[in-house]
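S.K.: Build me a model:
(one chain, ligands or ions: 1)
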Amino acid sequence: MDHDIDRILISRHRIAERVMELAAEIARTYAGDVEAGLTLVTILSGSLIFLSDLIRCLPLRMKIGLITVSSYKGTKPTPAAILQQLNTDVTGRHVLLVDDILDTGGTLRLVREQLVSAGPKSIRTCVLLRKPSKAPPDVPADFVGFDIEDVFVVGYGLDFNDHYRNLPDIAVLRPEVYAS
Ligand code: XMP
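M.R.: Numbering: from 1, shown residues only. Okay, the predicted model is just below:
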């Protein structure tokens, strides 16, 4: 697998540190208002590993919701589409949407629209990565792990054709891999 990788962009150690910092920020945000209940809604499949690390650093009472969205074919963006609807009721609850990467914003915009119609008490967004050169102003993120340049990244849950999710670091693929 290593020969497909051009370079490591963010090491596993830096990710672990930043996830702990994000969890502390999130815990401070919700600490004063736990009555309504908190649901972390995660967008599958790319956010799986991020979510599992994040929640183990979060000492808050919470539920987990899952929604599956497709938005990429290989390295090419396609219009975001919901493949599996949210599996839990978030009416009246605080919702923290958790996604792996905010790229063009199509995925988060679509999921947010769905959630609003369920009538949650609040919606905030947490992304591990954001591409600031592409993220549109109407799709804000409340918690951001890392701002990155506009390169296609894999690892730590992020995939190319469903591969490389198990890389512990976040890496840039060699262009030849997706050109072939
Ligand atoms: P949008 O463009 O909708 O993208 O903000 C969000 C979803 O697209 C996938 N995505 C990527 N996946 N490397 C990946 O492995 C990337 O560089 C990348 N950019 C976008 C991802 O599933 C994300 O949730």
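
S.K.: gap between the nearest residue to R93 once chain neighbours are set aside and T78?
M.R.: Using CB to CB, 6 or more residues apart in numbering and skipping the chain neighbours, the partner closest in space to R93 is G37 (4.5 Å). For the C-beta atoms, the positions are set from N, CA and C on the backbone; glycine is no exception. Using CB to CB, to the nearest Å, G37 is found at 34 Å from T78.

S.K.: So for stretch 57-64, what gets flagged as buried?
M.R.: Using 16 or more other CB atoms under 10 Å as the test for burial, stretch 57-64 gives 58, 60, 62.

S.K.: and this protein, which residues reach the ligand?
M.R.: 43, 46, 71-72, 77, 80, 99-107, 152-154, 158-159 (CB under 6 Å from any ligand atom).

S.K.: just so I have it, where are all the helices in the protein?
M.R.: For the chain, helices defined by DSSP state H occupy the ranges 12-31, 48-55, 106-116, 175-179.

S.K.: which of the ones you listed is buried the deepest?
M.R.: Comparing the helices of the chain by mean neighbour count (mean count of other CB atoms under 10 Å), helix 48-55 ranks first with a mean of 20.

S.K.: Which strands or helices does it pack on?
M.R.: Contacts defined by 3 or more CB pairs under 8 Å, 6 or more residues apart in numbering; DSSP states H and E place helix 48-55 against helix 12-31, strand 38-44, strand 94-102.

S.K.: Grab the nearest non-local neighbour of V154.
M.R.: Nearest residue to V154, sequence neighbours excluded (CB to CB, 6+ apart): Y164, at 3.8 Å.

S.K.: Help me confirm that that neighbour comes into contact with L158.
M.R.: Yes: when contacts are counted by CB atoms under 8 Å, Y164 is listed as touching L158 (7.3 Å).

S.K.: what pLDDT, on average, does the strand ranked longest in the chain get?
M.R.: Ranked by residue count and defined by DSSP state E, the top strand of the chain is strand 63-73. When pLDDT is averaged along strand 63-73, the result is 88.

S.K.: Relative to the whole chain's centre, how far out is it?
M.R.: Centre-to-centre, strand 63-73 and its host chain are 9 Å apart (CA atoms, centre = their mean, to the nearest Å).

S.K.: Any regions of the protein where pLDDT drops low?
M.R.: 1, 180 (pLDDT under 70).

S.K.: dump the residue contacts of L158.
M.R.: By CB atoms under 8 Å, 6 or more residues apart in numbering, the contact set of L158 is 46, 100-101, 164-165, 170.

S.K.: Kindly recompute the last result at 6 Å.
M.R.: Counting by CB atoms under 6 Å, 6 or more residues apart in numbering, L158 touches 46, 100.

S.K.: ok, now how distant is it from D103?
M.R.: With CB to CB as the criterion, L158 and D103 are 11 Å apart.

S.K.: Then K76?
M.R.: 12 Å.
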